[in-house]
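J.: coords please:
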Amino acid sequence: MIGVVAEPGGTAHRLSVKKATMGGKTGTAQTVAMEAWTKCTAEICRDHAWFIGFSPTDEPKIAAAVIVEHGGFGASAAAPIVGAILQKYYDIEHGYEESGREKK
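T.: The predicted structure follows:
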């Protein structure tokens, strides 16, 4: 799960720029049968996207799971949301303001 974020080929590697180490798993849940999928272009036929993440990787203190209904792919729809949640947690824990500057 650490490699999903830490390794360059990981599906959630974009999250590796966050302030703390993070691990996770992306996923996609099929909503319609494959033979129907190619015929349906409506949003309701798009797959559900999910991502679970935890941080820091050595001694996890926080975990989050997000499912985006009809979001398509976990890496592009759900992982950024979990990344933002974990980033906000660290910002609050370390006293960062919205501007990114440390509170005095």
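J.: Now do the contacts for residue 90.
T.: 18-20, 55, 96 (Cβ atoms under 8 Å, 6 or more residues apart in numbering). Quick note: C-beta positions are derived from backbone N, CA and C, even for glycine.
J.: What helix or strand is it located in?
T.: Taking DSSP states H and E as the definition, residue 90 sits inside helix 79-93.
J.: Now do the same contact list for the residue nearest the centre of the chain.
T.: Most central in the chain under Cα atoms, centre = their mean is residue 79, positioned 1.5 Å from the mean C-alpha point. The neighbours of residue 79, taking Cβ under 8 Å, 6+ apart as the test, are 11-12, 14-15, 24, 26, 51, 53.
J.: Next, count neighbours for the spatially closest residue to residue 61 that is not a sequence neighbour.
T.: Spatial nearest neighbour of residue 61, excluding adjacent residues (Cβ to Cβ, 6 or more residues apart in numbering): residue 55 at 7.1 Å. Burial measure for residue 55: 27 neighbouring residues, criterion other Cβ atoms under 10 Å.
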